[in-house]
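Q: Could you work out the structure for the sequence below:
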Amino acid sequence: MKFCVVGAGAWGTAFSLHLARGGRAVALVPRRPEQAALIASARENREYLPGVALPPSVEIAAGLAEGLSGADVILLACPAQTMRQTAANVRDAVGGDAGPRLIISLAKGLELGSHMRPSQAVAEALPGALVGALSGPTNAAEVARGLPAAMVLAAKGDETVVHEVQAAISGPTLRVYSTDDLPGVEYGGSLKNIYAIAAGCCDGLGLGDNAKAALMTRALTEMVRVGVSLGSRRETFYGLSAERRIDAPILVEMNAILFQGRRPADAISSLMMRELKRETIPVLAQA
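A: So this is what the prediction gives:
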């Protein structure tokens with residue numbers, strides 16, 4: 001099974017290295033020709049992942065058509081905002097050839113304007129393709145070093161293909177789970193980053209472990225509420241809110257901090273002084 005990783009940022013480079021370490025055929029396609037030349041000559045991505053050597057088994061493709069040749073699985077390692085155009089470039093490069101068996105988004109976030117998930121943008125650009133997403137609490141540098149990690153591969157369609165790819169990606173240092181809850185995995189990946197910033201605000205304000213633990217407990221409840229309202233399954237969150245009238249106060253405050261100039265201390269105060277409510281305990285999926 002041959003993989004083509006489109007995008008040579010830190011994550012795309014690290015994942016290419018992981019696949020090669022597992023004995024998989026992999027081609028890495030940098031966005032810029034000059035970047036491809038530099039990586040190919042140095043056998044290192046000094047711009048995004050310095051100090052990590054790329055073995056000869058990682059093919060550095062000079063162009064998209066070259067990298068896609070014979071690829072069974074395409075991993076799109078690009079930002080959510082360029083996902084649609086990248087998928088369109090893949091469509092044009094594949095042309096009339098037999099398409100890949102699975103196209104996987106590695107991006108977190110939603111498309112500006114449409115609020116589409118990355119897999120939805122890819123599906124619109126590549127109608128008829130089996131599209132999935134690979135997400136998890138992972139750090140590119142640690143994956144590149146071969147430290148243990150876990151991820152979830154989400155796709156709805158041909159389960160045989162999904163399970164084959166799951167097995168091919170998994171290895172001694174990366175355990176991959178599978179699910180057909182594509183919305184849950186993509187919304188979870190997007191929301192997680194927002195709540196991580198909120199946790200950083202707690203650290204920056206010196207509020208202590210109790211405050212951060214309380215924040216993350218409430219964040220999990222809020223994330224489940226938002227995700228389920230947007231079509232995800234509740235259990236996915238255990239193992240866009242103002243627009244849809246979802247009660248998500250942490251997201252509202254983080255939006256104000258990031259885009260409206262609100263002071264983090266004021267946001268924390270607002271959250272602490274909200275009207276007291278009876279807790280609704282989410283029910284975990286049965287084992």
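Q: Output the below-cut-off pLDDT ranges for the protein.
A: In the prediction, the chain carries residues with pLDDT under 70 at positions 96-98, 237-241, 243-246, 276-287.
Q: Strands of that one, start to end?
A: Under the criterion DSSP state E, the chain contains strands at 2-6, 25-29, 58-60, 73-76, 102-105, 131-135, 149-155, 174-179.
Q: so can I have a markdown table of those strands showing distance to residue 261?
A: (Glycine included, C-beta is placed from N, CA and C.) Putting those into a markdown table (distance: least, C-beta to C-beta, whole Å) gives the following:
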| stretch | distance to residue 261 |
| --- | --- |
| strand 2-6 | 37 |
| strand 25-29 | 39 |
| strand 58-60 | 43 |
| strand 73-76 | 34 |
| strand 102-105 | 32 |
| strand 131-135 | 31 |
| strand 149-155 | 35 |
| strand 174-179 | 38 |
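Q: I'd like these written out as JSON lines, with distance to residue 189 and mean neighbour count added.
A: Compiled in JSON lines, those are given as follows (distance: least, C-beta to C-beta, whole Å; neighbours: other C-beta atoms under 10 Å):
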{"stretch": "strand 2-6", "distance to residue 189": "18", "mean neighbour count": "26"}
{"stretch": "strand 25-29", "distance to residue 189": "22", "mean neighbour count": "24"}
{"stretch": "strand 58-60", "distance to residue 189": "25", "mean neighbour count": "21"}
{"stretch": "strand 73-76", "distance to residue 189": "14", "mean neighbour count": "27"}
{"stretch": "strand 102-105", "distance to residue 189": "10", "mean neighbour count": "27"}
{"stretch": "strand 131-135", "distance to residue 189": "4", "mean neighbour count": "26"}
{"stretch": "strand 149-155", "distance to residue 189": "9", "mean neighbour count": "21"}
{"stretch": "strand 174-179", "distance to residue 189": "13", "mean neighbour count": "17"}
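Q: Helices of the chain, residue ranges please.
A: Listed in chain order, the helices of the chain (DSSP state H) span 10-21, 33-42, 64-68, 83-94, 118-125, 140-145, 159-169, 182-204, 208-229, 241-244, 249-259, 264-272.
Q: mind listing what's buried in the fourth one?
A: The one in question is helix 83-94. Residues 83, 84, 86, 87, 89, 90, 91, 93, 94 are the ones in helix 83-94 that count as buried (16 or more other C-beta atoms under 10 Å).
Q: ok, now how distant is the first one from residue 105?
A: It refers to residue 83. Noted for residue 83: a distance of 6 Å to residue 105, by C-beta to C-beta, to the nearest Å.
Q: Show me the common contact partners of these two, please.
A: For the pair residue 83 and residue 105, residues contacting each of them under the criterion C-beta atoms under 8 Å, 6 or more residues apart in numbering are 76, 118, 122.
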